[in-house]
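Enquirer: Just need the structure, nothing else, for what follows:
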Amino acid sequence: MNNIYFIGLGNMGSHMALNLIKKKYPLSIFDINSKLYRAFANKNVKIASKPIDLAPENNVFISMLPDGNALMKLLLGGQGLASKIKKNSIFIDCSSSDYASTLKASNILSKRGVKFLDAPVSGGVTGAKSASLTIMVGGEIKVFRKAKKILSCMGKNIIYAGKTGSGQIVKACNNMMLGINMIGICEAFLLSKKLGIRPEKFFDICSKSTGSSWAMMNHLPIKGIVKSSAANNGFKPGYAAKLILKDLKISQNMAKAANVNTEVGKKAFFLYKKFCKNNQGNLDYSAIIKKLS
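Expert: Reported below is the predicted structural model:
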């Protein structure tokens, strides 16, 4: 069985790692925040004091980091994890990294004889807990096939997207749609309420009509209608506004590089940017309704 080294134990990463433990994979873990190890008390895991400590003992590496800069720092900064990974190992980056960093990481690791997959995820903290994430994967198809069993421990829909970087392209474009959709949901509910339609009634009708969407059915920004909505809990994040802002920025950088005009995506980026500037970036992305009210 593969020995797995999981790096990045935040809101989603910790649950993903715990799901691997449930499937009896030998696991080593690391995070710069040692307080996050509490979730692994009494679990059969090895804890590294620094990234390179347990690298030689493992042949599969999974990172769940904030962004591409954190990925580069992990691989090249300090003592440099990339220099300690054994040849023929597999490195799976589940972070939402930018496209350029993804290609750079793949190139760095390939020179060491290490196979790289970009495998960003969708489904939020709820999906991470229940191992029902959608995982979109870029890289060599034969490496994907080797890694699919491991990925299936953390997600329900494991989809091969294409060559290296394809997973990140799909993730950024998907989240651009999500951000646009959430803004549209907010505006429609605010307008209908202003004109005298109760939110409960509007939801009941729209949930059965053409305006329905995954975002509305799961993350409706109105309290007391959808059970899984962050609005029921003071907009405590499942998917923080600062994270969708990051993904919207990635999508806009890709659009600029590809010379594609994404006007609505650009507008969504600027609206979330203004929202996060008001120290609300740690709220759920659906809290953008506060900006639009």
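Enquirer: in the protein, which spans are strands?
Expert: Here the chain has its strands, by DSSP state E, at 4-7, 27-30, 45-47, 60-63, 90-93, 115-118, 121-122, 133-138, 155-162.
Enquirer: Distance to Lys256 and mean pLDDT added to those strands, as a markdown table?
Expert: C-beta here means a position set from N, CA and C on the backbone, and glycine is covered the same way. Shown next, in a markdown table, are the strands of the chain (distance: least, Cβ to Cβ, whole Å; pLDDT from 0 to 100):
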| stretch | distance to Lys256 | mean pLDDT |
| --- | --- | --- |
| strand 4-7 | 30 | 96 |
| strand 27-30 | 35 | 96 |
| strand 45-47 | 42 | 95 |
| strand 60-63 | 26 | 97 |
| strand 90-93 | 23 | 98 |
| strand 115-118 | 20 | 98 |
| strand 121-122 | 23 | 94 |
| strand 133-138 | 20 | 98 |
| strand 155-162 | 21 | 97 |
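Enquirer: Could you export those strands as JSON lines, including distance to Ile21 and mean neighbour count?
Expert: Below are these laid out as JSON lines (distance: least, Cβ to Cβ, whole Å; neighbours: other Cβ atoms under 10 Å):
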{"stretch": "strand 4-7", "distance to Ile21": "9", "mean neighbour count": "26"}
{"stretch": "strand 27-30", "distance to Ile21": "6", "mean neighbour count": "24"}
{"stretch": "strand 45-47", "distance to Ile21": "7", "mean neighbour count": "17"}
{"stretch": "strand 60-63", "distance to Ile21": "13", "mean neighbour count": "24"}
{"stretch": "strand 90-93", "distance to Ile21": "17", "mean neighbour count": "27"}
{"stretch": "strand 115-118", "distance to Ile21": "21", "mean neighbour count": "26"}
{"stretch": "strand 121-122", "distance to Ile21": "18", "mean neighbour count": "22"}
{"stretch": "strand 133-138", "distance to Ile21": "16", "mean neighbour count": "25"}
{"stretch": "strand 155-162", "distance to Ile21": "16", "mean neighbour count": "17"}
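Enquirer: export those strands to TSV and tack on distance to Tyr285?
Expert: TSV is the format used below for those (distance: least, Cβ to Cβ, whole Å):
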stretch	distance to Tyr285
strand 4-7	25
strand 27-30	28
strand 45-47	31
strand 60-63	23
strand 90-93	22
strand 115-118	22
strand 121-122	13
strand 133-138	17
strand 155-162	20
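Enquirer: And this structure, what are its domain boundaries?
Expert: Here the domain parsing of the chain from automatic domain parsing is 4-162, 169-292.
Enquirer: Would you map the helices across the chain?
Expert: Using DSSP state H, the helices of the chain run over 13-22, 68-76, 99-110, 124-130, 141-151, 166-194, 199-206, 214-219, 241-258, 263-275, 289-292.
Enquirer: Would you format these as a markdown table with distance to Lys87, mean neighbour count and mean pLDDT included?
Expert: Output for those, formatted as a markdown table (distance: least, Cβ to Cβ, whole Å; neighbours: other Cβ atoms under 10 Å; pLDDT from 0 to 100):
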| stretch | distance to Lys87 | mean neighbour count | mean pLDDT |
| --- | --- | --- | --- |
| helix 13-22 | 23 | 21 | 96 |
| helix 68-76 | 16 | 20 | 93 |
| helix 99-110 | 10 | 20 | 95 |
| helix 124-130 | 31 | 19 | 91 |
| helix 141-151 | 14 | 16 | 97 |
| helix 166-194 | 23 | 20 | 97 |
| helix 199-206 | 54 | 15 | 98 |
| helix 214-219 | 41 | 18 | 96 |
| helix 241-258 | 31 | 20 | 95 |
| helix 263-275 | 41 | 18 | 97 |
| helix 289-292 | 50 | 16 | 95 |
